[in-house]
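**Student:** Need coordinates for the following:
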Amino acid sequence: MGSADGHTSWVMAVTTSVLDGRPVAVTGSGDHTVRLWDLKTGEQVGAPWIGHTSEVRAIAVSDLAGVPIVISGGSDGVVRLWELASGRPVGEPIDLRADTIWGFAIAERRGRRVVVTGCHDRTARVWDLDTGQEVMTPIRGHTGPVYAVATVMLDGRWVAVTAGDRTVRVWDLDTGEPVGSPFTGHTDHPDHPGQVSTLAVAELADGRPVAVSSGYRLATFVSDLATGLPVTDLPIAADWNTDLVSTAVVHGRPVALVCRGDTPTIQVWDLSSAELVGELFPQHPRNVIGVTTAMVDGRQVVVSTCDRGTIRVSELVIGEPIDKPVRHDAEIKAVATTTVGGRPVVITGGDDETVRVWELSTGDQVCAPLTGHTGAVTTVAATTVDGRAVAVTGGADGTVHRRDLDLGKPAGAPLAAHHRPITSIGADGTDGRPRAITAGDDKKIRLWDLRTGEETGKPRASDHRWVHDLATTTLDGRPVAVLGRWGGGFKVRDLTTNRDTSVQTTGGNGKPVRLVAATVAAGRSLAVTTYDDWRDVQVKVWDVATAQQIGHLGRQHLDALAAATVDGHPVAVVAIHRTVSAYSLVTFDKISPDLELPEQVAAVDVTADGHIVVCFDRDVAVFTTDPVR
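**Tutor:** Numbering: from 1, shown residues only. A predicted model of the protein is given here:
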């Protein structure tokens, strides 16, 4: 929905409030500042609040004598109070003499507002918000820093919940005494001793108050606060480093927002059923380390922060349990897009030897997985045959398959002339003659009639070695294929004759072209190529008709490449490791914010209406932002 940048270091602390009817976020950062943000506009409100002499790690909001205030603390061990509206300091700083401050939680004690503070010196401190004085001796019991605190009403009394070492503990805020025994279900990873470093409280649908706790290499537990017994654990991968857990209620449904420590994603879990019901990609450049929720224009949103200083606002949408995710049983290798029955779809091929077809808008599978390959599906293309959508797929087994996507079944016998893995496929339906061009490790390039399955013309040998990639386009109204050359550049093959044309690049750097994409804009055919040379990687843009380079998209080693014309504007979508970006093929400038994925990207595509489809590991993500906006 929106983003904000301004901090110059990581942002760990974030909370939300309302100021003069506007939803706002307050953030604390490693740059020693506290900042206020308008959640509707993404703009910073006023100047940074300066006073801390080290990292700000904890933020809370409350009110003091009817005035909304912000409470901040961090590595300097000092608590500061600020007016929410103006950012002016309130009173003198409070030195709890407790080393680093990790967290705050607000409660009431004997009719007065108190703040429970988690400290690095293994204590939790409870102090009066009006006077700044501690109201009881420090709470002790943890054998390590108290990294997280929360407060809640339990059996009619206020209690504090604290997390540190490998335990979660509950304390009576009236007496400071422990309530029950420590929750000790968290155990160390055998190779990485962990600390319970994140904690949130919630109320299940049946009214039971629970604590959700996790940490580095630890399971994420949901525990009954009244009994200390585990209710369930969230089945999150054991190798996750869970940096943060927050809770919310969405349409009456209690959920946990879980931030994975090494990716920029947020998972949403139903706390009653322990099922995954959503996943957010806030587009942080690095992993999420802070998260909370707010209401903006009647919509529930997630406000997240990152260790690069960014703040993002994402709509919080959940669905039914994700028991049928958009997922192969192994890594996805190839992707293409088309329409089936008027519905946009995504076609993916994977290491699990299947081809799957997904409705682009819902993620539902259009048909059962398509089988037949006896090796990984390495390349996918799509076209129409007599008005029906057809996918053409190639595999490591050297076969090419045609799939009728309307019926969800084969459209004929496999095309088995290649004797080595298929490296690339292009499909075309220009002039009403549906055809496919295939290239393989056998150094052969073949042309096929997709109606009959017969090979058209004689197979052609590729330059020196096999063709890594190709793309279909038109040139002077004729269907052609742009073939990446082993020695650099490309040559053009006429798809009506399967013969090389006179159009080809001259010279070259002796390095094979690894990725090729093509599109047509205003009658001009454009191609994008990149080659394998770590010392001098260029993404080149070409005028296909003249075989002349007209620009480049920087020097970067790509993992995936696609091109299309969106609203008349030719664009390229490129993937570099986990980052996807869109570029103009007119100005050669980046025209979209970077899209960050949790794993390395294996394949991308872009549709004519601007949807960007990204495949990583076994998953598919669709971004609906217009890349040329």
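**Student:** From one end of stretch 200-212 to the other, what's the distance?
**Tutor:** The first residue of stretch 200-212 is 5 Å away from its last residue (C-alpha to C-alpha, to the nearest Å).
**Student:** sorry, that was for stretch 551-558
**Tutor:** 17 Å.
**Student:** Kindly report the same for stretch 26-39.
**Tutor:** 10 Å.
**Student:** any chance you could map the strands in the stretch 201-350 of the chain?
**Tutor:** For the stretch 201-350 of the chain, the strands defined by DSSP state E, counting those that start in this stretch occupy 209-215, 220-224, 230-234, 242-250, 253-260, 266-270, 275-280, 288-296, 299-306, 310-315, 332-340, 343-350.
**Student:** Report pLDDT for Val537.
**Tutor:** At Val537, the pLDDT value in this model is 68.
**Student:** meant to ask about Ala248, not that
**Tutor:** For Ala248, the predicted pLDDT is 93.
**Student:** Who does it form a beta bridge with?
**Tutor:** On the basis of DSSP bridges, Ala248 is bridged to Val255.
**Student:** and it, how many neighbours?
**Tutor:** 21 (other C-beta atoms under 10 Å). Bear in mind the C-beta positions are built from the backbone N, C-alpha and C, glycine included.
**Student:** wait, what's in contact with it?
**Tutor:** Contact analysis of Ala248 by C-beta atoms under 8 Å, 6 or more residues apart in numbering lists 254-255, 257, 293, 300, 316.
**Student:** Relative to Leu36, how far out is it?
**Tutor:** Distance of Ala248 to Leu36, given as C-beta to C-beta, to the nearest Å: 22 Å.
**Student:** Leaving out the residues flanking it, which one is nearest to Thr546?
**Tutor:** Counting by C-beta to C-beta, 6 or more residues apart in numbering, Val503 is the residue found nearest to Thr546 once chain neighbours are left out, at 8.0 Å.
**Student:** Spell out which helix or strand contains the one you found, please.
**Tutor:** Val503 is part of strand 499-504, with elements assigned from DSSP states H and E.
**Student:** So which elements touch the following helix or strand past that strand?
**Tutor:** On the C-terminal side of strand 499-504, the nearest following helix or strand under DSSP H and E is strand 513-521. Judged by 3 or more C-beta pairs under 8 Å, 6 or more residues apart in numbering; DSSP states H and E, strand 513-521 is in contact with strand 470-475, strand 478-484, strand 524-531, strand 560-566, strand 569-576.
**Student:** Nearest to Pro89 among those strands would be which one?
**Tutor:** Nearest to Pro89, of all these, is strand 569-576, at 44.6 Å by C-beta to C-beta.
**Student:** list the contacts for Ala202?
**Tutor:** Ala202 neighbours (C-beta under 8 Å, 6+ apart): 209-210, 212, 247, 249, 254, 256, 271.
**Student:** Of all pairs in those residues, which one spans the longest distance?
**Tutor:** Pro209 and Ala256 (14.0 Å).
**Student:** Pass me the low-pLDDT residue ranges in this structure, would you?
**Tutor:** 1-4, 187-193, 237-241, 261-262, 320-326, 462-465, 507-510, 532-537, 624-629 (pLDDT under 70).
**Student:** these two touch, right, His418 and Asp442?
**Tutor:** Yes. Using C-beta atoms under 8 Å, His418 is in contact with Asp442, at 5.5 Å.
**Student:** Neighbour count for these two, which is higher?
**Tutor:** His418 (23 against 19).
**Student:** so what's the more buried one up against?
**Tutor:** 394, 398-400, 438, 440, 442, 444, 446.
**Student:** Mind doing that once more with 10 Å?
**Tutor:** Contact analysis of His418 by C-beta atoms under 10 Å, 6 or more residues apart in numbering lists 394-395, 397-400, 438-442, 444-446, 459.
**Student:** Assign it to helix, strand or coil.
**Tutor:** Assigned with DSSP: H, G, I helix; E, B strand; the rest coil, His418 falls in the coil class.
**Student:** Setting the sequence-adjacent residues aside, check what's closest to it.
**Tutor:** Closest residue to His418 apart from its sequence neighbours, by C-beta to C-beta, 6+ apart: Gly440 at 4.0 Å.
**Student:** surely that neighbour meets Val467?
**Tutor:** Yes. Using C-beta atoms under 10 Å, Gly440 is in contact with Val467, at 8.4 Å.
**Student:** what's the overlap in contacts for those two?
**Tutor:** With C-beta under 10 Å, 6+ apart, Gly440 and Val467 have common neighbours 423-424.
**Student:** Of Pro209 and Ala256, give the one with the bigger neighbour count.
**Tutor:** Higher neighbour count among Pro209 and Ala256: Ala256, with 23 against 18, using other C-beta under 10 Å.
**Student:** just checking, the more buried one touches Val212?
**Tutor:** Yes. If you go by C-beta under 10 Å, Ala256 and Val212 touch, sitting 5.1 Å apart.
**Student:** Residues in contact with both of those two, list them for me.
**Tutor:** In contact with both Ala256 and Val212: 200, 202, 220, 222, 234, 245-247, 269, 271, using C-beta under 10 Å, 6+ apart.
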